[in-house]
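Student: I'll drop the sequence and a predicted model, then ask my questions.
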Amino acid sequence: MGVSPGRPVNTDFSSPDEAQLAAAICPVNAILAQGKSALVDPGKCVHCLRCRWGIPTPMNWDAGYEWARPSAGNGEGATFPASFSKSLHIMVVDAGDCGACLHEVKQLNNPLYNMHRLGFFFTATPRAADLLLVVGPVSENMRGALQKSWEAMPSTRRVMAVGSCAISGGVFGRSFMCAGGVGSVLPVNFEVPGNPPPPLAILHGLLMATGRKPATKSEPVAEGRS
Ligand code: SF4
């Protein structure tokens, strides 16, 4: 069901020069060269594919979709109690999204992904929301609304950053009009990397947040160069 664009994963090259080349071509510094290895930060990667198509020896690529992970700092122990596992209400806030991640989130409601059958529901009011799902970097115009939404939620609230911009600021970074990732404004508990993450990756995040799926490994295992 569904499709995944895949994503680059940590790659061992045959020489340090190849690893340096991969790091140098990344427009958002998502690749760190360490000797012959190139390590990818999924929370920064914007899926430009340069490290796959733009260099002689491409990075390894993971074709899966189980990308969600607990956030560093606030993710440990943040899984919802079991009573939420079949009924979780989600408020979505677009904090400055380009439209891509929001579009993928909207797909969860269609008959293909049909998140209702898994016990996930959207709500427009923060007082009825268990999870604040944020897409986009935090623009200054949305900073106040985002904070007010979080403050109005019940105390069992959790925050999920969906997409590289929500996690790290992505290509927008920080500026006088942008606070960067959601973590600079609110305590983020879960992250779903991707630019945008496909609906299945977001579903993986929701299942992980409710304890029904394990988190992805922090360093994805390379599956072979292609
Ligand atoms: S796909 Fe693009 S942004 Fe992602 S790691 Fe490769 S070069 Fe960097």
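Tutor: Right, received. Where do you want to start?

Student: Let me know the next secondary structure element after the helix or strand hosting residue 148.
Tutor: For residue 148, the host element (DSSP states H and E) is helix 140-151. Counting by DSSP H and E, the next helix or strand C-terminal to helix 140-151 is strand 158-162.

Student: Skip ahead from that next one and say which helix or strand is next.
Tutor: helix 164-168.

Student: do that following helix and the ligand meet?
Tutor: No: contact between helix 164-168 and the ligand is absent, the nearest approach being 8.3 Å (criterion: Cβ under 6 Å from any ligand atom). Yep, even glycine has a C-beta here, placed from its N, CA and C like the rest.

Student: Quick check: can you name the pairing partners of the lowest-mean-pLDDT helix or strand in the chain and their directions?
Tutor: The helix or strand with the lowest mean pLDDT-type score in the chain, counting by mean pLDDT, DSSP states H and E, is strand 61-62 (a mean of 92). If you go by DSSP bridges, strand 61-62 pairs up with strand 7-8 (antiparallel).

Student: For the partner strand, the averaged confidence score.
Tutor: Taken as a whole, strand 7-8 has a mean pLDDT of 94.

Student: which other residues reach that strand?
Tutor: Residues from elsewhere that reach strand 7-8 (Cβ atoms under 8 Å, 6 or more residues apart in numbering): 31, 40, 42, 45, 47, 51-52, 59-62, 67, 193-194, 220.

Student: other SSEs contacting the lengthiest strand in the chain?
Tutor: Secondary structure of the chain read by DSSP state E shows that its longest strand is strand 88-94. With contacts taken as 3 or more Cβ pairs under 8 Å, 6 or more residues apart in numbering; DSSP states H and E, strand 88-94 sits against helix 100-107, strand 120-122, strand 131-135, helix 140-151, helix 199-209.

Student: Tell me who's in contact with residue 31.
Tutor: 8, 22, 23, 38, 39, 40, 41, 51, 59.

Student: do residue 73 as well
Tutor: 183, 187.

Student: three-state assignment of it?
Tutor: Following DSSP: H, G, I helix; E, B strand; the rest coil, residue 73 is assigned to coil.

Student: Now do the phi/psi pair for the residue nearest to residue 152 when sequence neighbours are not counted.
Tutor: Nearest residue to residue 152 in three dimensions, chain neighbours excluded: residue 126, at 3.9 Å (Cβ to Cβ, 6 or more residues apart in numbering). The phi and psi values for residue 126, taken as degrees, to the nearest 10, are phi -70, psi -30.

Student: Look up how far residue 14 lies from residue 126.
Tutor: According to Cβ to Cβ, to the nearest Å, residue 126 and residue 14 sit 52 Å apart.
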